[in-house]
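*Asks:* okay, predicted coordinates and the sequence, questions at the end:
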Amino acid sequence: MPNDLDLDDRIRSLVSAAVKTAPVAPHIDPLRAPSAAQRPPWLRRSAIALAALLAAGGGYAVLQPASDDHVDTGGRTPATVPAPAPEQPPVIVTAGPDGIVERVGDDKKTITDEPFAMALALDDGTFVAQRHTGESRRDGITWPRSDTSVVRVDQRGKSTPLFEAKTGFVILHDFAVVDGRRLLLYSVDVNNYASGKEELYALDLDGADHPLDVGTIGGWEATTSRLTLSSTGLIVGTSYGVCCQSGNFIALAVPDSAAAARPLPKATDFGLADGYEDGCACPTGFAVDPDGTAIYWLSPVDGGATFTVVRATLDDPLHTSEVAPVARLDSSTFGRMSIDADDSRFVVSFDSPYSESMQPPMLFTPDRSATFEGEFATLGPNG
Amino acid sequence: MIAAVAEPTQADVGATYRDCAADLIRYATVLVGPSDAQDVVSDAVLRVFASVKDWSSVQNQRGYLFRAVLNQATSHQRSAGRRRRREERAIRAGRNDAPAPDATSIDAHRALAELSPQQRAVVYLTYWEDLATHQIATLLDMSDGSVKKQLARAREQLRRILDA
């Protein structure tokens, strides 16, 4: 196969050309690094003042997290005085009547001003989205938010069809890279009187002919919040009866993923109840972090007047910590909140495929909170 | 006097990192480009410091760091536009301590940017590290089939780019 050999040689040359531009490896000081036990995760990133200092002659970078937890005895070469580098700002994508907007720190880029109901950022700079078409009716049910066609939108706002479900309505949930597979998580709700069923699928965006069937997540009288997908294949969200505002913890796994090889987490692992009475101010908005190591949820405070974000790791599920306060919320919406969490930042959206748009999405970081225009917000992929 | 001693796990992670720092920075350079490679490596290793409680229980420590860098690269490189802005800022600030790229290197990074981060990882490990499929699968905690699939797609994509 001379052509293949030729291609291999050309790719080898290409990689070699890229590798030769590699900078010097950063020096990382374990003495000054925060440990897992020392800080709650949302403080971790803010406490890490990374220093990037280039030595004049050697092109040597010293990266050092600031920490007051250790005493430097002077027995080793002290790190060079750091020039603080800015923390990487969160990437937030909002979708709504004004289109799709990508925010990176203070940069705001309107990808398209065409109305969209939902947009998920992929790892290649494009988006998977659903248009906002206003009210539509199908099988006797009014669907106010989105249509059932899923499109890919590039950075210039150009959209191309991705797929369309013939048998029901598509609800987009999340995107993550799982075991090297770039998976789009979505459900198809075949909701009619004869056959009420909502099935969850994971579609490999790199060319799979058929999506993986993850399982049934709803039916005529049940549905879920937006489900979050981690890189381990663990899927977490909140399940609801259609009549009920109170939700329950739900966990699933992508077939053949690392999460599928282990027992799925349960609400009781985290000291929570299996289920809650309808209308109660109860834990809700369950989500998994991008790494699949921690679960987040919204926990009511003061009888539900205020909610706080709680985190627990899967390794130590009974050890919970409050990671961010949430502002006072309208109790009529809290049952449909969903969190997108990445260590120190949380986007809370007020999602429901069944009702008109609600409170705008909110971002929480350790040092600020903000409300966005639009209906639905998500963080960038895989954290 | 209280001696400042890194926790065992942190010191162990640090030792593992030192052993493969040169490989990791080359790997990150292929994944995200020279301007972001240092940030990606340091963020990934700091995440490992902060999240792993017992480094000795990690069976494939080198693989763990490679996966951490890949995860960080995937997160870091959110969009082409964002990357471009960072590259431009870095050039303006003159703080990219990588060797000045020549035209061939620029073309190489442009071509690699057309691949997904996972494809870039597999391409780097195949063509630079000369690892076999099962070795890459072990390193990245993927199945052999996934590695083959990613490599086949990457080769096809690169063939189109190189032939264009």
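*Replies:* That came in fine, so what should we check first?

*Asks:* burial count for residue B:135?
*Replies:* 15 (other C-beta atoms under 10 Å in any protein chain shown). Any C-beta I mention is one placed from the backbone N, CA and C, and that applies to glycine too.

*Asks:* OK, contacts around it?
*Replies:* Applying C-beta atoms under 8 Å, 6 or more residues apart in numbering or on different chains to residue B:135 gives the contacts residue B:125.

*Asks:* model confidence for it, exactly?
*Replies:* Listed pLDDT for residue B:135 reads 89.

*Asks:* for the strand or helix carrying it, which positions count as buried?
*Replies:* Per DSSP states H and E, residue B:135 falls inside helix B:133-140. For helix B:133-140, a neighbour-count test (16 or more other C-beta atoms under 10 Å in any protein chain shown) marks B:133, B:136-140 as buried.

*Asks:* the closest residue to residue A:10 other than its chain neighbours: what secondary structure?
*Replies:* Closest residue to residue A:10 apart from its sequence neighbours, by C-beta to C-beta, 6 or more residues apart in numbering or on different chains: residue B:162 at 5.4 Å. With DSSP: H, G, I helix; E, B strand; the rest coil as the basis, residue B:162 sits in helix.

*Asks:* burial of residue B:162, as a residue count?
*Replies:* 15.

*Asks:* could you pull up the contacting residues of it?
*Replies:* Per C-beta under 8 Å, 6+ apart, neighbours of residue B:162: A:7, A:10-11, A:14, B:111.

*Asks:* how about the CA coordinates for stretch B:38-54, as CSV?
*Replies:* This file holds the C-alpha atoms of stretch B:38-54, laid out as CSV (Å, rounded to 0.1, in the frame of the first residue of the first chain):
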residue,chain,number,x,y,z
GLN,B,38,2.0,25.2,29.0
ASP,B,39,-1.4,26.3,30.4
VAL,B,40,-3.0,23.0,29.5
VAL,B,41,-0.3,21.0,31.0
SER,B,42,-0.1,23.0,34.2
ASP,B,43,-3.9,23.1,34.6
ALA,B,44,-4.1,19.4,34.1
VAL,B,45,-1.4,18.6,36.6
LEU,B,46,-2.8,21.0,39.2
ARG,B,47,-6.2,19.3,38.7
VAL,B,48,-4.6,16.0,39.4
PHE,B,49,-2.9,17.4,42.5
ALA,B,50,-6.2,18.7,43.7
SER,B,51,-8.4,15.7,43.0
VAL,B,52,-6.3,12.5,43.5
LYS,B,53,-6.2,11.3,47.1
ASP,B,54,-3.9,8.3,46.7
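
*Asks:* what comes up buried for it?
*Replies:* B:38-52.

*Asks:* hang on, the earlier thing: out of the buried residues of helix B:133-140, which are close to chain A?
*Replies:* Restricting the buried residues of helix B:133-140 to those adjacent to chain A (criterion: C-beta under 8 Å from any C-beta of the partner chain) gives residue B:140.

*Asks:* let me know the closest of the buried residues of helix B:133-140 to residue A:159.
*Replies:* Proximity to residue A:159 was ranked across the buried residues of helix B:133-140 by C-beta to C-beta; first place goes to residue B:140, at 32.3 Å.

*Asks:* shouldn't that closest one be in contact with residue B:62?
*Replies:* No: contact criterion C-beta atoms under 8 Å: residue B:140 and residue B:62 do not qualify, at 11.2 Å.

*Asks:* now the stretch 201-350 of chain A against chain B: closest residue?
*Replies:* residue A:206 (5.8 Å; C-beta to the nearest C-beta).

*Asks:* that residue should be in a strand, yeah?
*Replies:* No: assignment of residue A:206 by three-state DSSP gives coil, placing it outside any strand.

*Asks:* count the neighbours of it for me.
*Replies:* Neighbours around residue A:206, by other C-beta under 10 Å: 16.

*Asks:* so where's chain B uncertain?
*Replies:* B:1-9, B:75-102 (pLDDT under 70).

*Asks:* which strand or helix spans the residue positioned nearest the centre of it?
*Replies:* Of all residues in chain B, the one closest to the mean position by C-alpha atoms, centre = their mean is residue B:28, 3.0 Å from it. Using DSSP H and E, residue B:28 sits in helix B:8-32.

*Asks:* over to residue B:38?
*Replies:* helix B:34-51.

*Asks:* what residues of the helix holding residue B:28 count as buried?
*Replies:* In helix B:8-32, counting by 16+ other C-beta under 10 Å, buried: B:9-10, B:12-14, B:16-17, B:20-21, B:23-32.

*Asks:* doesn't residue B:28 make contact with residue A:23?
*Replies:* No: with contact defined as C-beta under 8 Å, residue A:23 does not count as touching residue B:28 (9.2 Å).

*Asks:* I'd say residue A:170 and residue A:186 touch.
*Replies:* Yes: look at residue A:170 against residue A:186 with C-beta under 8 Å: they come within range, at 5.6 Å.

*Asks:* more neighbours, those two?
*Replies:* residue A:186 (26 against 21).

*Asks:* can you pull the contacts of that one?
*Replies:* A:150, A:170-173, A:200-201, A:203.

*Asks:* residue A:179: which of the residues you listed is nearest?
*Replies:* For the contacts of residue A:186, the minimum distance to residue A:179 (C-beta to C-beta) is 14.5 Å, reached by residue A:203.

*Asks:* name the residues that touch the helix or strand where that closest one lies?
*Replies:* Using DSSP H and E, the element containing residue A:203 is strand A:196-204. Under the criterion C-beta under 8 Å, 6+ apart, residues A:163, A:168, A:171, A:173, A:178, A:181-191, A:211-224, A:227, A:229, A:235, A:252, A:254-255 lie in contact with strand A:196-204.

*Asks:* ok, back up a step: and the helix holding residue B:28 with helix B:34-51, angle?
*Replies:* For helix B:8-32 against helix B:34-51, the angle by axes from the mean of the first three to the mean of the last three C-alpha atoms, to 10 degrees is 150 degrees.

*Asks:* which helices and strands sit right next to helix B:8-32?
*Replies:* helix A:2-19, helix B:34-51, helix B:61-76, helix B:117-127 (3 or more C-beta pairs under 8 Å, 6 or more residues apart in numbering or on different chains; DSSP states H and E).

*Asks:* setting aside sequence neighbours, what's the nearest residue to the residue nearest to the centre of chain B?
*Replies:* Nearest residue to residue B:28 in three dimensions, chain neighbours excluded: residue B:37, at 3.9 Å (C-beta to C-beta, 6+ apart).

*Asks:* the residue nearest to residue B:111 when sequence neighbours are not counted: neighbouring residues, count only.
*Replies:* Using C-beta to C-beta, 6+ apart and skipping residues adjacent in sequence, the residue nearest residue B:111 is residue B:161, 4.8 Å away. Neighbour count of residue B:161, defined by other C-beta under 10 Å: 16.

*Asks:* can you check residue B:105 too?
*Replies:* 22.

*Asks:* return a ChimeraX selection command for the buried portion of the contacts of residue B:162.
*Replies:* To isolate the buried members of the contacts of residue B:162 in ChimeraX, using 16+ other C-beta under 10 Å:
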select /A:7,10,11,14 /B:111
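
*Asks:* in TSV: the contacts of residue B:162, plus distance to residue A:269.
*Replies:* As requested, the contacts of residue B:162 are exported to TSV (distance: C-beta to C-beta, whole Å):
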residue	distance to residue A:269
A:7	50
A:10	51
A:11	46
A:14	47
B:111	46
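
*Asks:* go through the contacts of residue B:162 and say which is closest to residue A:380.
*Replies:* residue B:111 (23.8 Å).

*Asks:* and the helix or strand hosting the closest one, what does it pack onto?
*Replies:* Here residue B:111, judged by DSSP H and E, is contained in helix B:103-113. Contacts defined by 3+ C-beta pairs under 8 Å, 6+ apart place helix B:103-113 against helix A:2-19, helix B:144-163.

*Asks:* can you tell me which of those is nearest to residue A:122?
*Replies:* Judging the helices and strands packed on helix B:103-113 by C-beta to C-beta, what sits closest to residue A:122 is helix B:144-163, at 15.3 Å.

*Asks:* the closest one vs helix B:117-127, what angle?
*Replies:* Using the same axes, to 10 degrees: helix B:144-163 against helix B:117-127 is 90 degrees.

*Asks:* perfect, that will be all.
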